[in-house]
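[1] sequence first, predicted model second:
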Amino acid sequence: MVDRLDATVTGTGARVLRGVSLEIERGEAHGLVGESGAGKSMIGKAVIGLLPHSVRVEGGAIRFDGLDLLSMRPRDRRRLTGERIAVVPQDPLTALNPSRRVAGQITDRLTGILGRPRAKAESRALELLEEVAIRDPDRVMRAYPHELSGGMRQRVLIAAAFAAEPDLVIADEPTTALDATAQRRILRLIADMRERHGTALLFVTHDMGVVAKLCQTVSVMYRGMIVCRGTAEELFGGSGGHPYAEALIAATPRHDRPDAAPRPVPVEVVEALEAEIAAADDARGAA
Ligand SMILES: Nc1ncnc2c1ncn2[C@@H]1O[C@H](COP(=O)(O)OP(=O)(O)OP(=O)(O)O)[C@@H](O)[C@H]1O
Ligand SMILES: [Mg+2]
């Protein structure tokens, strides 16, 4: 069970993550926002142990429910993260195996992780497809991924993610491949599934509006650093938030207020963050 998840990761070389520290409580929806390249996806990859080969964890710890993932044997770690952490990816098409029917891609998680017999796994997979509001689950079970729309594929992946009742779901920009209407529906679905299953969620996105709606707590990243963390209300409430969080909100186009033109992040806000990074790098160099 996830009582607390700490992820403290330091990348090497170009310093992908700078001593990032992140905790997600059981059942909490936590948003991770920041500009492109800030390191949001790297955090998710560090937690599930799928960092690119060119990136390594230099120090710190990644703890999941009190277990130190970095000191575990790779096999045990893979098993633990496979069972208890699931991912909803950005691009549903590449995440699904094109040559297998949908049924197998969901039942594998149920037979592999929960050890359910295949027949039971299939009836549970059908229930899950109903739960993610797929109207004709029987047909979808027999379909190949290319026969489904983008939104349907993402529903299938959400069903697969929640199939084995994980403690944590990591959703990394799960709606960028979809049109605006499908995006709203999928976000609603992720929120509903999370609530119903009591699952913790790490939700990675550029979109401040989405985070404000979906997440109770938020971390804002800049160049591998978490610059602030707080409740959605604290950061986006419009009073006393962090200057960078406020600047990011002002830089985001508002669907509800098309007249309010997005404003670029002010130079002095960026300079303050750069100074913080330089000081941290100096301190690390001197140590
Ligand atoms: N394979 C890699 N090897 C080394 N560094 C990498 C690799 N992939 C990405 N990076 C670096 O890691 C940093 C963080 O990348 P990451 O993908 O986590 O950003 P992100 O915040 O998810 O951005 P986006 O919003 O565009 O998805 C980037 O600055 C990038 O240069
Ligand atoms: Mg990313």
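    Noted; the coordinates are in hand. Not measured: the values here are computed from a predicted model. Numbering: from 1, shown residues only. Ligands and ions are numbered 1, 2, ... in the order given.
[2] gap between the closest residue to residue 265 other than its chain neighbours and residue 34?
    Closest residue to residue 265 apart from its sequence neighbours, by Cβ to Cβ, 6 or more residues apart in numbering: residue 247 at 4.3 Å. C-beta: built from backbone N, CA, C; applies to glycine. Distance of residue 247 to residue 34, computed by Cβ to Cβ, to the nearest Å: 12 Å.
[3] okay, the two: which has more neighbours?
    residue 34 (23 against 20; other Cβ atoms under 10 Å).
[4] next up, phi/psi of the more buried one, please.
    For residue 34, the backbone dihedrals are phi 150, psi 160 (criterion: degrees, to the nearest 10).
[5] what sits against it?
    40, 206, 220, 221, 222, 248 (Cβ atoms under 8 Å, 6 or more residues apart in numbering).
[6] follow-up on the earlier one: what secondary structure does the residue nearest to residue 265 sit in?
    helix (DSSP: H, G, I helix; E, B strand; the rest coil).
[7] quick one: contacts of the helix or strand where residue 276 lies?
    Using DSSP states H and E, residue 276 falls within helix 267-286. Applying Cβ under 8 Å, 6+ apart, the contact partners of helix 267-286 are 15, 18, 19, 222, 223, 225, 227, 243, 244, 247.
[8] ok, and the most crowded of these?
    Of these, with other Cβ under 10 Å as the count, residue 222 tops at 24 neighbours.
[9] contacts only, for that residue.
    Listed by Cβ under 8 Å, 6+ apart, the contact set of residue 222 reads 34, 35, 38, 244, 273.
[10] can you check the pLDDT for the last one?
    What it means is residue 273. pLDDT, residue 273: 93.
[11] circling back to that earlier point, so which of the contacts of residue 222 is the closest to ligand 1?
    residue 38 (4.0 Å; Cβ to the nearest ligand atom).
[12] go back to the contacts of residue 222 and keep what's next to ligand 1.
    34, 38 (Cβ under 6 Å from any ligand atom).
[13] format the contacts of residue 222 as CSV; extra columns: distance to residue 118.
    Below are the contacts of residue 222 laid out as CSV (distance: Cβ to Cβ, whole Å):
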residue, distance to residue 118
34, 43
35, 45
38, 43
244, 51
273, 53
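[14] can you list which of the contacts of residue 34 are found in strands?
    Taking DSSP state E, the ones among the contacts of residue 34 that sit in strands are 220, 221, 222.
[15] measure stretch 216-231 end to end?
    6 Å (Cα to Cα, to the nearest Å).
[16] going forward, the N-terminal residue is numbered 16.
    Got it, the first residue is 16 from now on, which makes the last one we talked about stretch 231-246.
[17] can you give the distance from it to the centre of its chain?
    When distances are taken as Cα atoms, centre = their mean, to the nearest Å, stretch 231-246 is centred 14 Å away from the chain's centroid.
[18] in that stretch, what counts as buried?
    Buried positions in stretch 231-246, judged by neighbour count with 16 or more other Cβ atoms under 10 Å: 232-245.
[19] again, but for stretch 252-263
    Quick answer for stretch 252-263 (16+ other Cβ under 10 Å): 256, 257, 259, 260, 261, 262, 263.
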